[in-house]
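Student: The amino acid sequence is not available; the structure is as follows:
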């Protein structure tokens, strides 16, 4: 079975859980943050909403230069779900077109021309797209808990949801 099938299955599971989490972000708390060193709820939710789109860059470009890159931003709560859905759809479409040979090719992230890392696209997709989404979604669930917003069941029951 081609590797893309495994990536698509994982991508679909993680983005479905991520969407459930983003749907719970309260608009009234968009500028709230748990600590002075933390990002706001709106910034974090926006980052999570745009992360699936990172997969499209990994698939379609040989590299990404951070300096001068035009990263999408979610400025308002009413943009959150549409931005997430669009970035998810774009990357899922790109995943469906993949061939194993393309996943074996190296992909590089650079900062001002200096390589941060180079790794096969398969590993870049797993670490910089999928794992990155899971990491920040987990942070987002902590924000929700601190705001007393029900945390969705993701990998099993949560304290707020015991039924799947």
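Tutor: Looks like it came in fine. These figures come from a predicted structure and were not determined experimentally.
Student: use CA for all of it now, contacts and neighbours both
Tutor: Fine.
Student: Which strands and helices lie in contact with the helix or strand where residue 11 lies?
Tutor: Per DSSP states H and E: residue 11 is located in helix 3-22. When contacts are defined as 3 or more CA pairs under 8 Å, 6 or more residues apart in numbering; DSSP states H and E, helix 3-22 sits against helix 41-50, helix 80-96, helix 132-146.
Student: looking at the ones you listed, which is closest to residue 6?
Tutor: helix 80-96 (10.2 Å; CA to CA).
Student: Distance from that closest one to the middle of the chain?
Tutor: Distance of helix 80-96 from the chain centroid (CA atoms, centre = their mean, to the nearest Å) equals 10 Å.
Student: Which element is encountered next along the chain beyond that helix?
Tutor: Next element after helix 80-96 (DSSP H and E): helix 100-104.
Student: Just the mean pLDDT for that following helix, thanks.
Tutor: The pLDDT scores in helix 100-104 average 96.
Student: Show me what it is packed against.
Tutor: helix 121-124.
Student: Now do the end-to-end distance for stretch 144-152.
Tutor: 10 Å (CA to CA, to the nearest Å).
Student: where does the protein dip in pLDDT?
Tutor: 163-164 (pLDDT under 70).
Student: Apply 90 and report the result again.
Tutor: Applying pLDDT under 90 to the chain flags the ranges 1, 69-71, 162-164.
Student: Residue 109: helix or strand, and which one exactly?
Tutor: Going by DSSP H and E, residue 109 is in strand 106-111.
Student: ok, that strand: who's next to it in the sheet?
Tutor: strand 63-65 (parallel), strand 114-120 (antiparallel) (DSSP bridges).
Student: who touches stretch 34-44?
Tutor: The contact list for stretch 34-44 (CA atoms under 8 Å, 6 or more residues apart in numbering) reads 25, 29-33, 74-77, 136, 140, 143, 146.
Student: Oops, could you answer that again for stretch 77-89 instead?
Tutor: For stretch 77-89, contacts defined as CA under 8 Å, 6+ apart pick out 15, 19, 22-23, 27, 30, 42, 45-46, 48-53, 74.
Student: ok, now with 7 Å
Tutor: 27, 30, 46, 49, 50, 52, 53, 74 (CA atoms under 7 Å, 6 or more residues apart in numbering).
Student: Residue 94 touches residue 58, doesn't it?
Tutor: No. With contact defined as CA atoms under 7 Å, residue 94 does not count as touching residue 58 (9.7 Å).
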